[in-house]
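1. take a look and give me a structure for this.
(one chain, ligands or ions: 1)
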Amino acid sequence: MAQYRIVSGSVAVISIQNPPVNALSAAVRNGLLLSVRTASSDPLVRSVVISGHNGPFCGGADIKEFGNVSHLESGPHLVEIFESVEALAKPVVAAIEGFALGGGLELALACHYRFGHSEARVGLPEVSLGLLPGAGGSQRLPRLLGVRAALDMIVTGRHVAAGEALNLGLLDRVTDGNTVDAAVRFAQSVEGKPLDDRRLGNRPCPPLENIDAFFEDALNRVRGRARGAAAPLACVQAVRGAATLPFLQGMALEKRLVETLMTSGQAQASRYCFFTERGAARWTTPTGARWDTCRARPISTAAVIGIYASCI
Ligand SMILES: CCCCCCCC/C=C\C=C\CC(=O)SCCNC(=O)CCNC(=O)[C@H](O)C(C)(C)COP(=O)(O)OP(=O)(O)OC[C@H]1O[C@@H](n2cnc3c(N)ncnc32)[C@H](O)[C@@H]1OP(=O)(O)O
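-> Residues are numbered from 1 along each chain as shown. Next up is the predicted model:
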C-alpha cells in the first residue's frame, strides 16, 4: 500500500498506492510509516520523494474509516506519521500530481519541499465533512502562508489550482513535465543541506497586527455564514491557536477540536451526504438502464416536482 524504491542511487521514492484516490487507509498508514523509517535508517538513502501511485497524490484520510474506531486504530495516527516525515534528517520532497486534499495536503505540509504539476490542485476540504484539518494542517498551513490566506483555505475548504498555490508559497515549484522526475532531481540537489528552516513545525506564524480584532471579526463573519455548522467556527479557533500558541500547544488544541467534531451528528451527516451523492450518481432503472451504459439524451422539458421550505 506504499511502494518503496531507490532511484538515482540515493533517493528513496515512496509511492502511496490505494486507488482510486490514494486515501490514507490503515494499510497505507502502516506502509507509509514503515517506508519513512526504512529511508531514515538506510545509510545509502540521502533524500526522499513522496508521490501518489498512478496519478493523484492523495485524497486525504480514508473517510470510510471515520465511523469505525477499530479501523482508525489498526494503523498509526496521521499525526505520528507526519511528525516522522517532518523530523527526518534527510530532505523530503512531495511530488504532487492530480490532487493533494485534506490529509494528503497535510502530508505534503510535513514534507520539507513541495513540487506540483501545473494541473494539480490542493486544498483542505475537511470543513465540508464537518471537520477541521486534524493532522497538523490547521497549525502548519498558517505558519507557511500566514493567517489570512490559511484561514481562507481552511474555512472555505476550496481547492486551489497549482498556479495560485505557487503564488501563495504553498508549492515551491510547478512543472509541466514529470513531477516525480523533477522532484527526484531536486531532492538530490538539496541532499546534505540544513532542514531546520524547512520544518513548518519549527516556524512561528508570520506576525499579524491587531490579532484579537482580526479573529473577532473573522469569527463573526464565519458565524454569520455558517448557519449553525460547528466546523467553520472550530477552524477559526484552530487557526487562532496557530497564530498565538507554540506548535505543540496548537497541535493539542487541534486534537481536542477535531475529536469533538468527529463524533458530532453534523460530521456523521456530512459523511452520509458524501457517499450518498456518489452512490446516487450510479443509478439504475427498473427497465435495466444504467448510469454507465446509457447514452445521454437532450433535455427538452424540465419541471419542479418538489419544493423545499425552510423556516427560521
Ligand atoms: C474518535 C475520534 C477520532 C479522531 C481521529 C482524528 C483523525 C484525524 C482527523 C481528521 C483528519 C482529516 C483529514 C482528511 O483527510 S478528511 C478527508 C479529506 N478529503 C476529502 O474531503 C476529499 C474527498 N474526495 C473528493 O473530494 C473527491 O473524491 C476527489 C478526491 C476530488 C476525487 O473526485 P472524483 O475523481 O470525482 O472521484 P469521486 O469523488 O467519484 O471518488 C472516487 C471514489 O473514491 C472515493 N473517495 C474519494 N475520496 C475518498 C476519501 N478521502 N476516503 C475514502 N474514499 C474516498 C469515493 O467515495 C468514490 O468511491 P465510490 O465510487 O465507491 O463511491
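2. mean confidence score for the host helix or strand of R148?
-> Element membership for R148 (DSSP states H and E) is helix 147-156. Helix 147-156 shows an average pLDDT of 98 in the prediction.
3. what residues of that helix count as buried?
-> 147, 149-151, 153-156 (16 or more other Cβ atoms under 10 Å). Where C-beta positions appear, they are placed from N, C-alpha and C, glycine not excepted.
4. go on, stretch 215-233?
-> For stretch 215-233, by 16+ other Cβ under 10 Å, it's 215, 218-219, 222, 226, 229-233.
5. what sits up against that stretch?
-> Stretch 215-233 has contacts (Cβ atoms under 8 Å, 6 or more residues apart in numbering) with 126-127, 129-132, 151, 155, 235-236, 240, 243, 261, 264, 266-267.
6. that one close to the ligand?
-> No. Applying Cβ under 6 Å from any ligand atom, one finds stretch 215-233 separated from the ligand by no less than 11.0 Å.
7. would you put the C-alpha positions of that stretch in CSV?
-> Written as CSV, here are the backbone C-alpha positions of stretch 215-233 (Å, rounded to 0.1, in the frame of the first residue of the first chain):
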residue,chain,number,x,y,z
PHE,A,215,-10.0,36.9,14.9
GLU,A,216,-13.1,38.5,16.5
ASP,A,217,-14.1,39.9,13.1
ALA,A,218,-13.3,36.5,11.4
LEU,A,219,-15.4,34.6,13.9
ASN,A,220,-18.3,37.0,13.4
ARG,A,221,-18.1,36.7,9.6
VAL,A,222,-17.8,32.9,9.7
ARG,A,223,-20.7,32.6,12.3
GLY,A,224,-22.9,34.7,10.0
ARG,A,225,-22.3,32.3,7.1
ALA,A,226,-22.1,29.0,9.0
ARG,A,227,-25.9,28.6,9.6
GLY,A,228,-25.3,26.6,12.7
ALA,A,229,-22.4,24.5,11.4
ALA,A,230,-19.8,23.9,14.1
ALA,A,231,-16.8,23.1,11.9
PRO,A,232,-16.2,26.5,10.4
LEU,A,233,-16.1,28.1,13.9
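8. who in this structure is up against the ligand?
-> Near the ligand, when you scan the chain using Cβ under 6 Å from any ligand atom, you find 20-21, 23, 59-64, 69, 72, 78, 99, 101-103, 125-126, 129, 131, 134-135, 258-259, 262-263, 275, 278.
9. just the buried subset of those residues, please.
-> Listed as buried from those are 21, 23, 59-63, 72, 78, 99, 101-103, 125-126, 129, 131, 134-135, 258, 262; burial here means 16+ other Cβ under 10 Å.
10. can you flag which of those belong to strands?
-> In strands, defined here by DSSP state E, the members of these are 99, 101.
11. show me where the stretch 1-150 of the chain has helices.
-> Using DSSP state H, counting those that start in this stretch, the helices of the stretch 1-150 of the chain run over residues 26-41, 69-73, 78-87, 103-110, 137-145, 147-156.
12. and those helices, which is most packed in?
-> Highest mean neighbour count among those (mean count of other Cβ atoms under 10 Å): helix 103-110, with a mean of 28.
13. let me know the average pLDDT across it.
-> 98.
14. show residues contacting that helix.
-> 22, 24, 50, 52, 57-61, 78, 81-83, 85-86, 92, 94, 96, 100, 114, 122-124, 133, 135-137, 140-141, 144, 200.
15. chain center to it, what's the gap?
-> Centroid displacement of helix 103-110 relative to its chain, using Cα atoms, centre = their mean, to the nearest Å, is 5 Å.
16. okay, the angle between that helix and helix 147-156?
-> Relative orientation of helix 103-110 versus helix 147-156 (axes from the mean of the first three to the mean of the last three Cα atoms, to 10 degrees): 160 degrees.
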